[in-house]
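Participant: Turn this into a structure:
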Amino acid sequence: MQYGILQFDDPQPDTSRKILHVDMDAFYASVEIRDQPHLKDKPVVIAKHPNLTNGRGIVTTCNYIARQYGIHSAMSSMEAYKRCPHAVFISGNMKHYQEVSNQIRAIFYQYTDLVEPLSLDEAYLDVTINKKGIKSATIIAQQIQQQILQELNLTCSIGISYNKFIAKIASDYHKPFGLTLVTPEEALMFLERLPIEKFYGVGRKSVPYFHDKGIKTGKDLANKSLEELERDFGKMGHSLFFKVRGIHNSPVRPTNERKSIGKETTFSQFLEFEPQVLEIFDQLTTKVIDKMQSKGLKAHTITIKIRYENFETINRQMQMKIAFDDRVLAYEMVQNLWAIHGHLDYRIRLLGVSVSNFDNPDYELIRLNLES
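Facilitator: Residues are numbered from 1 along each chain as shown. Presented below is the predicted three-dimensional model:
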């Protein structure tokens with residue numbers, strides 16, 4: 001495979017690090033199945049049953065049996081029900097999932113303090129220098145897998161490589177309970193064989209535009225010049241030019257600052273009817289998603305805030321395995337949270353919507369010229 005020649009001042013791959021990307025397998029569903037063993041051989045969907053929400057709601061995640069019916073994250077719960085009427089629908093318990101996530105991270109910290117959580121169920125670990133004094137990153141990955149299985153009765157898949165980008169792709173390569181090592185010597189061939197949609201950051205909506213430009217695999221991507229990729233895909237094209245060459249030198253950031261984007265409004269005349277509430281939520285969601293998109297971000301978590309006339313305040317959130325930046329999906333999530341947690345026993349004096357738990361943005365969203 002012939003790659004374009006890197007210039008002297010271009011970044012070079014830092015192959016000195018040993019990076020793990022640990023990704024829990026169908027995390028929320030797996031926790032439910034662990035806690036309720038009779039669910040083991042049944043399709044399990046983390047979403048409130050559509051019969052209880054007048055058809056509203058979306059799937060947070062599901063187990064691998066449910067995925068055989070074509071069910072996936074962000075699908076409407078009604079569509080999931082149509083595809084598998086006998087599935088077990090569970091509304092989910094985010095507080096419990098957070099507790100289990102903390103137990104998993106406690107295991108990570110037994111090996112290294114360089115832990116960068118991406119969401120409740122995945123994290124990067126830099127084990128180049130580790131607390132166990134183990135030279136092999138593969139042995140550390142195996143020990144983490146077995147420790148999580150033995151102590152928490154849950155499985156994870158782990159990608160191992162010299163940078164975060166390749167490690168994240170590798171963790172998805174052999175699921176569930178997989179372990180995939182990509183060495184510096186293997187990296188270019190590994191990336192060359194990947195479909196373009198497997199490159200972290202290339203969303204489903206972007207794939208047709210890559211195909212239109214003749215880019216269906218990593219090999220196709222590597223055959224494009226930097227100028228071509230920047231012209232067609234902007235900063236994302238610049239980033240992918242180097243990533244397909246195995247260059248992504250971003251360090252594991254253990255002190256990643258928790259950030260959010262939110263909007264809330266207080267009413268001089270309190271709300272007392274559901275159509276008013278939903279209209280305001282729609283407006284707030286639109287403003288928040290527009291702001292998030294303008295920053296080139298995608299979030300895993302959306303939160304609603306409700307303050308009643310008696311000053312009772314509730315904050316409820318929903319977390320998605322797949323990061324989102326779509327307004328329609330975000331509003332469906334907000335509606336779902338309201339349907340489950342909201343009430344009009346008292347009038348409402350404040351509503352708020354926020355998004356958080358962002359993917360680490362290495363580049364901004366593609367800005368496509370649809371007229372060309």
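Participant: Give the helix, strand or coil label for the nearest residue to Asn163 once chain neighbours are set aside.
Facilitator: Of all residues beyond its chain neighbours, the one nearest Asn163 is His248 (4.5 Å), with distances taken as Cβ to Cβ, 6 or more residues apart in numbering. (Each C-beta comes from the backbone N, C-alpha and C, glycine too.) Following DSSP: H, G, I helix; E, B strand; the rest coil, the label given to His248 is coil.
Participant: my guess is His248 meets Lys164, correct?
Facilitator: Yes. Under the criterion of Cβ atoms under 8 Å, His248 makes contact with Lys164 at 6.3 Å.
Participant: Same drill for these two, tell me which one is more crowded.
Facilitator: Lys164 (26 against 23; other Cβ atoms under 10 Å).
Participant: In contact with that one, which residues are there?
Facilitator: 19, 21, 124, 248, 250, 252 (Cβ atoms under 8 Å, 6 or more residues apart in numbering).
Participant: mind running it again at 6 Å?
Facilitator: Shown in contact with Lys164 (Cβ atoms under 6 Å, 6 or more residues apart in numbering): 19, 124, 250.
Participant: Tell me the secondary structure of the second one, please.
Facilitator: Taking three-state DSSP as the rule, one finds Tyr124 in the strand state.
Participant: Surely it and Leu114 touch.
Facilitator: No. In this structure, Tyr124 is not within contact of Leu114 by Cβ atoms under 6 Å, at 8.2 Å.
Participant: so what sits against both of those two?
Facilitator: Common contact partners of Tyr124 and Leu114 (Cβ under 6 Å, 6+ apart): Val252.
Participant: who has more neighbours, the two?
Facilitator: Comparing Tyr124 with Leu114 by other Cβ under 10 Å, the one with more neighbours is Tyr124, at 27 against 20.
Participant: Who's the closest spatial neighbour of that one, skipping the chain neighbours?
Facilitator: Glu116 (4.3 Å).
Participant: what about that neighbour, how many neighbours?
Facilitator: Other residues near Glu116 come to 21 when the count uses other Cβ under 10 Å.
Participant: residues in contact with it?
Facilitator: By Cβ under 6 Å, 6+ apart, the contact set of Glu116 is 124, 252-254, 256.
Participant: What residues sit buried inside stretch 134-143?
Facilitator: 137-138, 140-141, 143 (16 or more other Cβ atoms under 10 Å).
Participant: where in the protein is pLDDT low?
Facilitator: Filtered on pLDDT under 70, the chain yields the residue ranges 1-10, 255-258, 360-372.
Participant: Run through the strands of it in chain order.
Facilitator: 19-24, 44-46, 61-62, 88-90, 115-119, 122-126, 156-161, 179-181, 260-271, 299-308, 313-324, 348-358 (DSSP state E).
Participant: in terms of contact, does His21 touch Ser171 like I think?
Facilitator: Yes. Counting by Cβ under 6 Å, His21 does reach Ser171; the two are 4.4 Å apart.
Participant: So which of those two has more stuff around it?
Facilitator: More crowded of His21 and Ser171, by other Cβ under 10 Å: His21, with 28 against 25.
Participant: ok, the more buried one to Leu181 distance?
Facilitator: 12 Å (Cβ to Cβ, to the nearest Å).
Participant: Ile322 contacts Ser73, doesn't it?
Facilitator: Yes. Using Cβ under 6 Å, Ile322 is in contact with Ser73, at 4.9 Å.
Participant: quick one, what contacts Ala123?
Facilitator: Ala123 makes contacts with 22, 115, 117, as judged by Cβ under 6 Å, 6+ apart.
Participant: cutoff 7 Å now
Facilitator: Residues in contact with Ala123 (Cβ atoms under 7 Å, 6 or more residues apart in numbering) are 22, 105, 108, 115-117.
Participant: swap in Tyr162?
Facilitator: 15, 17-19, 184.
Participant: How about Pro50?
Facilitator: Per Cβ under 7 Å, 6+ apart, neighbours of Pro50: 57, 77-78, 81.
Participant: Please consider this matter closed, and thank you.
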